[in-house]
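K.L.:
The following block contains a protein sequence and its predicted model.
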Amino acid sequence: MPYAIMRFEKRKGGPASALERHHERKKEKYASNPDIDRERSHLNYHLVEPTRSYYWEIQSRIEAAQRQNPRCKVRKDSVKFIDTIVTASPEYLAVLPPERVRRYFERALDFFKEEVGEENIFSAVVHMDERNPHMHLCFVPLTRDHRLSAKEVIGNREKLVEWQDRFHDHMAAEFPELERGEAAAVTKRKHVPTWLYKQAHRLTGEMAEIRAELEKIGPFNAGRQREKILELLGQWYPRVNAFEAKLKPYDQQIRQMETEKEALARETEIAVYALDRKRREEEELIYELREVQDFLDSIPTEVLEELKANYQAQQQELKL
């Protein structure tokens, strides 16, 4: 069943130029995002086109708000704009005719005009040159009384659920086949505990040290370095096994996290994170699990067999 998808990313202003280069396709190559097919970039289109740079668009709106309301304060850590991704299930958009795809994004834009104010939206560009059509919509989070407040405009986790409800209702009025994707707060999806994220981070840190030692191997020190690396691997491998055992009860949640991540299809060259800290942790965990698996796959078979044998022998000794 197809889903309407909407995700927010809070931005403090620093990434504006990098996002502009990505959203507006101002680079010739996108090595970090191989999904971009430059031969299809001419199919991209704007529903709201910025008149000048993102930085200027953001600053001019904030300065106008400050003229209207002297209480419009901008702190060093203030969120200056929201980067929003709007899309739908890939299999759904793949079969829609181009005019219906465009209408889907136009209707989504109408929703945001009502919610955040048309005057605060400075860019809405539809990308047709990636695996799944999607729209990047950027706006400055100004309240109706001209204050800069992402907290008030976007809100907390409960308010995000309300956002999703309103978005689904608005989209389904014209696209009734769409289902409402339920948030973790609604489905009660159990989150992977934070201490497991920290363990994964430690393991990838230790893995980086082993890789650094591997790079030191040369024709004159191969023997000594091999012994050192085997020693480091011998300490690291049991911790990986113990970590995987602790992670086992959360297999279902991790698979669901990966499915959600795949649905967004890495739409931006800059990693797409959801608003809350837990989603960011989930993204990092998936990345680090893949890093650990890739590293294990790179270890020569005979070395891996030796590590497994040593680990099993240690486990047997502990049972005696």
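P.N.:
Here it is on my side, so go on. Residues are numbered from 1 along each chain as shown.
K.L.:
C-alpha from now on. contacts and neighbour counts both.
P.N.:
OK.
K.L.:
low-confidence ranges in this structure?
P.N.:
1, 15, 27-35, 157, 180-191, 215, 217-222, 256-284, 287, 320 (pLDDT under 70).
K.L.:
Show me the strands in it, by range?
P.N.:
Listed in chain order, the strands of the chain (DSSP state E) span 4-11, 45-48, 81-88, 121-127, 134-139.
K.L.:
got the angle for the third one vs strand 134-139?
P.N.:
What that stands for is strand 81-88. 150 degrees (axes from the mean of the first three to the mean of the last three CA atoms, to 10 degrees).
K.L.:
Give the partner strands of strand 81-88 in its sheet and their orientations.
P.N.:
Paired strands of strand 81-88, with direction, are strand 4-11 (antiparallel), strand 134-139 (antiparallel) (DSSP bridges).
K.L.:
how about these in CSV, adding distance to L230 and mean neighbour count?
P.N.:
Below are those laid out as CSV (distance: least, CA to CA, whole Å; neighbours: other CA atoms under 10 Å):
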stretch, distance to L230, mean neighbour count
strand 4-11, 43, 20
strand 134-139, 47, 25
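K.L.:
thinking again about what came up before, relative to W56, which of the strands of the chain is closest?
P.N.:
Smallest distance to W56 across these (CA to CA): 10.0 Å, for strand 121-127.
K.L.:
Identify the residues contacting the closest one?
P.N.:
Contact with strand 121-127 is made by 23-24, 41, 43-50, 54, 57-58, 105, 109, 113, 133-140, as judged by CA atoms under 8 Å, 6 or more residues apart in numbering.
K.L.:
again, 6 Å this time
P.N.:
Contact with strand 121-127 is made by 44-50, 133-139, as judged by CA atoms under 6 Å, 6 or more residues apart in numbering.
K.L.:
so what strands line up beside that strand?
P.N.:
Applying DSSP bridges, one finds strand 121-127 paired with strand 45-48 (antiparallel), strand 134-139 (antiparallel).
K.L.:
residue ranges for the helices of the protein, please.
P.N.:
Listed in chain order, the helices found in the chain under DSSP state H are 16-23, 54-68, 90-93, 98-112, 150-153, 157-172, 184-187, 194-215, 222-247, 251-264, 277-298, 301-319.
K.L.:
Could you list every helix and strand in contact with the first one?
P.N.:
Helices and strands touching helix 16-23, by 3 or more CA pairs under 6 Å, 6 or more residues apart in numbering; DSSP states H and E: there are none.
K.L.:
Go ahead and produce PDB holding the CA coordinates of that helix.
P.N.:
This file holds the C-alpha atoms of helix 16-23, laid out as PDB (Å, rounded to 0.1, in the frame of the first residue of the first chain):
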ATOM      1  CA  ALA A  16      22.600  26.600   3.300                       C
ATOM      2  CA  SER A  17      25.200  26.900   0.600                       C
ATOM      3  CA  ALA A  18      25.800  23.100   0.400                       C
ATOM      4  CA  LEU A  19      22.100  22.400   0.300                       C
ATOM      5  CA  GLU A  20      21.600  25.000  -2.400                       C
ATOM      6  CA  ARG A  21      24.200  23.400  -4.600                       C
ATOM      7  CA  HIS A  22      22.500  20.000  -4.200                       C
ATOM      8  CA  HIS A  23      18.900  21.100  -4.400                       C
END
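K.L.:
tell me the angle it makes with strand 121-127.
P.N.:
Using the same axes, to 10 degrees: helix 16-23 against strand 121-127 is 30 degrees.
K.L.:
sorry, back to before: output the strands of the chain as CSV; include the columns distance to T301.
P.N.:
Compiled in CSV, the strands of the chain are given as follows (distance: least, CA to CA, whole Å):
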stretch, distance to T301
strand 4-11, 42
strand 45-48, 50
strand 81-88, 42
strand 121-127, 43
strand 134-139, 42
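K.L.:
Show me the one of those strands that comes nearest F295.
P.N.:
strand 4-11 (30.8 Å).
K.L.:
hey, what's E9 bridged with?
P.N.:
D83.
K.L.:
surely it meets D83?
P.N.:
Yes: under the criterion of CA atoms under 6 Å, E9 makes contact with D83 at 5.1 Å.
K.L.:
joint contacts of these two?
P.N.:
Counting by CA under 6 Å, 6+ apart, nothing touches both E9 and D83.
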